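**Student:** Make a model of this:
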Amino acid sequence: MEVFQTLETEEDLMTCLHIKLYHPQQSSQGLYRLLPVGNRQKHQADDPLRLGRDAQACTFSLADPRVSRKQLAFQAYRIPQNPGMFFTVQNLSQKGQVSVNGSVLGYLERLDLQDKDLIRFGAYEMLILREQGEAKGSFEVEFEVLAVPPSRETGIGLPSKTPIKDTGSCQCVTSSFPAELRSQGPLENDETLMCHS
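**Tutor:** I've put the predicted structure just below:
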C-alpha cells in the first residue's frame, strides 16, 4: 500500500491576509516603523499571528505605548472538505476592547473573519482582506498604510442613519456603536438633518 503526501511547494499560491492600517496620528508618530509595510511575509498557518507593542511576544509590533503588549491575534484554520484557509481574530488585551465590524470582543473572545472585515482598537482601524490561495501549511501577510480611515471609505461599521422624508428628523440606529462614532456628523455634507443619540 502506497501513501502519498502532498508537500507544499514554493509554486503553490499562498493565501494572503492583507492588513490595511489607519491611525489619525500615523504621519507624525512613526507608529508603523517596526512593521514590514509593503513587503509580504510568509507565516506558518499553525502559529498564531500576534500584533501588539511587545516585539518579543508578538509576531509584528506597533511602536505605540497606548497599544497593549499583546493586542490581538489572527489564527488560520481549515474546514473539512473545503480547500480554503480561514481566519479568526482574538482579543488578547485585558484592558482594551477590539471590535470587528461593530461587534465588540472582550478579553480572549474570538470571532471568525470574513473576506473583508473592519477591526478597531483604540484609535486604530484595520481593514482586513483575505486573498484566497492553495497552500495548506502557510500563508502570507502584507501590511499597508491607508491615508483615510477605512470605515469612511467602505462604510463598514458606521452607524446607519435613515432620514424620514419631509420632517427633517431621522431614526438613528447607533446604540451599539462607541460614543466617538455616535458623535461624528454625517460623512457627506447635504441638506439632510442628522440626529445624535
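**Student:** how about the strands of the chain, start to end?
**Tutor:** In the chain, the segments counted as strands under DSSP state E are 15-22, 41-44, 49-52, 60-61, 72-78, 85-91, 98-100, 103-105, 110-112, 116-121, 124-131, 138-145, 160-163, 170-173.
**Student:** Sketch out the low-pLDDT regions of the protein for me.
**Tutor:** The chain contains residues with pLDDT under 70 at 1-12, 156-197.
**Student:** tell me the centre residue of it?
**Tutor:** The centroid of the chain falls nearest to Ile119 when counting by Cα atoms, centre = their mean (3.5 Å).
**Student:** Any idea how many residues pack against the closest residue to it other than its chain neighbours?
**Tutor:** Using Cβ to Cβ, 6 or more residues apart in numbering and skipping the chain neighbours, the partner closest in space to Ile119 is Met126 (4.4 Å). C-beta: built from backbone N, CA, C; applies to glycine. The local packing of Met126 (other Cβ atoms under 10 Å) involves 23 other residues.
**Student:** residue contacts, Ala57?
**Tutor:** Neighbour list for Ala57: 50, 69-70 [criterion: Cβ atoms under 8 Å, 6 or more residues apart in numbering].
**Student:** that older thread, state the distance from the residue nearest to the centre of the chain to Met85.
**Tutor:** 18 Å (Cβ to Cβ, to the nearest Å).
**Student:** Likewise for Glu109?
**Tutor:** From Glu109 over to Met85 (counting by Cβ to Cβ), the distance is 22 Å.
**Student:** what sits against the closest residue to Arg69 other than its chain neighbours?
**Tutor:** Nearest residue to Arg69 in three dimensions, chain neighbours excluded: Asp54, at 4.2 Å (Cβ to Cβ, 6+ apart). By Cβ under 8 Å, 6+ apart, the residues touching Asp54 are 61, 69-70.
**Student:** quick revisit: partners of the residue nearest to the centre of the chain in the sheet?
**Tutor:** Val100, Met126 (DSSP bridges).
**Student:** you'd agree it is up against Gln71?
**Tutor:** No - the criterion here is Cβ atoms under 8 Å, and Ile119 misses it with Gln71 at 10.0 Å.
**Student:** Identify the contacts common to these two.
**Tutor:** In contact with both Ile119 and Gln71: Val98, using Cβ under 8 Å, 6+ apart.
**Student:** Now distance to Leu34 too, for the strands of the chain, in CSV please.
**Tutor:** As requested, the strands of the chain are exported to CSV (distance: least, Cβ to Cβ, whole Å):
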stretch, distance to Leu34
strand 15-22, 12
strand 41-44, 13
strand 49-52, 11
strand 60-61, 5
strand 72-78, 16
strand 85-91, 20
strand 98-100, 20
strand 103-105, 24
strand 110-112, 25
strand 116-121, 17
strand 124-131, 14
strand 138-145, 10
strand 160-163, 37
strand 170-173, 38
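**Student:** Tell me which of those strands lies nearest to Gly30.
**Tutor:** Nearest to Gly30, of all the strands of the chain, is strand 138-145, at 11.4 Å by Cβ to Cβ.
**Student:** Good, wrapping up.
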